[in-house]
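Student: 3D model of this:
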Amino acid sequence: MTTRGKQSSHPPPPAETPTPAPAPDEGDAAPRSFLSDIPPASRNRLHVDERRAQLLKLGQDMFSARSYDELSIDEIARAANISKGLLYHYFSSKRNFYVEVIRSAAIDLMGATNPSEGGDLAERLAHGVDSYLDYVQDHARPFACLLRSAIGFDPEVRNIVEGTRQAFLSRLLGAVPDPTPSMRTALRGWIGFAEGASLDWIDNKDIPRAELRSLLIQMAFQVIGVVSGGGTGTTPTLGEGGSKAEPSRTRQSRAALRSPQSLRAEPASA
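Tutor: As a prediction, the model looks like this:
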């Protein structure tokens, strides 16, 4: 007679349950940084160029407040709440990061001050000063970072800063018929004056924007007026009326440079 096998007295093993994923380490939590307002899923999808742009913006703020030598790469990474290794993923060195920060500030400035289409020198000057002051007022830190940049006599940084000045100079000279070397030199000097006056304005904030605007424009007229009378032994007068001592070329230049009504008052939208 066949008997059935005895059932085991041991209870069956419990069914396997999936192992829960380990809780994220506290260090993986979203840091409070320039990324902190972006949801984690979106943050992970950020394009490399977007992350790089955010780091450059942080660099503009930091280098405008402290010098290159004062800031370490560790401080920069800590301010961004990323590892130093990740910072090096985007920029090969501290110097490379600094150079690219200066380059980004220069590109932003030139893009924000695109010249108006056509127009004579007076019109281009008025438009240029207005857009220039718009940028200085709204982006004081990147502006200061660009113009106060220095790594000793680093040629790449110097080329970026000087390239920006030359681009402004080319815009002005483009509105001058047959510009002379003297005119080029005079306008290059005026650009330096405009930079220094703008830096003083954002540092001290003790004169109205309209007053600075008027100062920059009138100084440009004075400089151009003097150059227009070059070689004649007569300094042209920029006020109303003419002088019998002025040669015809000087009178014509003075008339062409006399500011229109749009240059005498701050635009309502500024």
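Student: give the contact list for Y90.
Tutor: For Y90, the contacting residues are 48, 51-52, 55, 97, by C-beta atoms under 8 Å, 6 or more residues apart in numbering. Just so you know, the C-beta spots here come from the backbone N, C-alpha and C atoms, and that holds for glycine as well.
Student: so how far is E50 from it?
Tutor: Separation of Y90 from E50 (C-beta to C-beta, to the nearest Å): 11 Å.
Student: check L146 too.
Tutor: From L146 to E50 the distance is 22 Å (C-beta to C-beta).
Student: compare the two (neighbour count), which wins?
Tutor: L146 (26 against 12; other C-beta atoms under 10 Å).
Student: tell me which element the more buried one falls in.
Tutor: Using DSSP states H and E, L146 sits in helix 140-147.
Student: alpha carbons of that helix, as PDB, please.
Tutor: Output in PDB follows, covering the C-alpha atoms of helix 140-147 (Å, rounded to 0.1, in the frame of the first residue of the first chain):
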ATOM      1  CA  ALA A 140      26.300  97.200 -11.900                       C
ATOM      2  CA  ARG A 141      28.300  94.100 -10.700                       C
ATOM      3  CA  PRO A 142      29.100  92.600 -14.100                       C
ATOM      4  CA  PHE A 143      30.000  96.000 -15.400                       C
ATOM      5  CA  ALA A 144      32.400  96.600 -12.500                       C
ATOM      6  CA  CYS A 145      33.700  93.100 -12.900                       C
ATOM      7  CA  LEU A 146      34.600  93.700 -16.600                       C
ATOM      8  CA  LEU A 147      36.300  97.100 -16.100                       C
END
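Student: from the contact counts, what lies against it?
Tutor: Helices and strands touching helix 140-147, as assessed by 3 or more C-beta pairs under 8 Å, 6 or more residues apart in numbering; DSSP states H and E, comprise helix 48-65, helix 94-112, helix 155-173, helix 181-204.
Student: what mean pLDDT would you report for it?
Tutor: For helix 140-147, the mean pLDDT works out to 90.
Student: next, the angle helix 155-173 makes with it.
Tutor: 110 degrees (axes from the mean of the first three to the mean of the last three C-alpha atoms, to 10 degrees).
Student: list the buried residues in stretch 175-193.
Tutor: Across stretch 175-193, burial judged by 16 or more other C-beta atoms under 10 Å covers 175-176, 179, 183-184, 186-187, 190-191.
Student: angle of the helix holding L146 against helix 181-204?
Tutor: Using the same axes, to 10 degrees: helix 140-147 against helix 181-204 is 140 degrees.
Student: no further questions, thank you.
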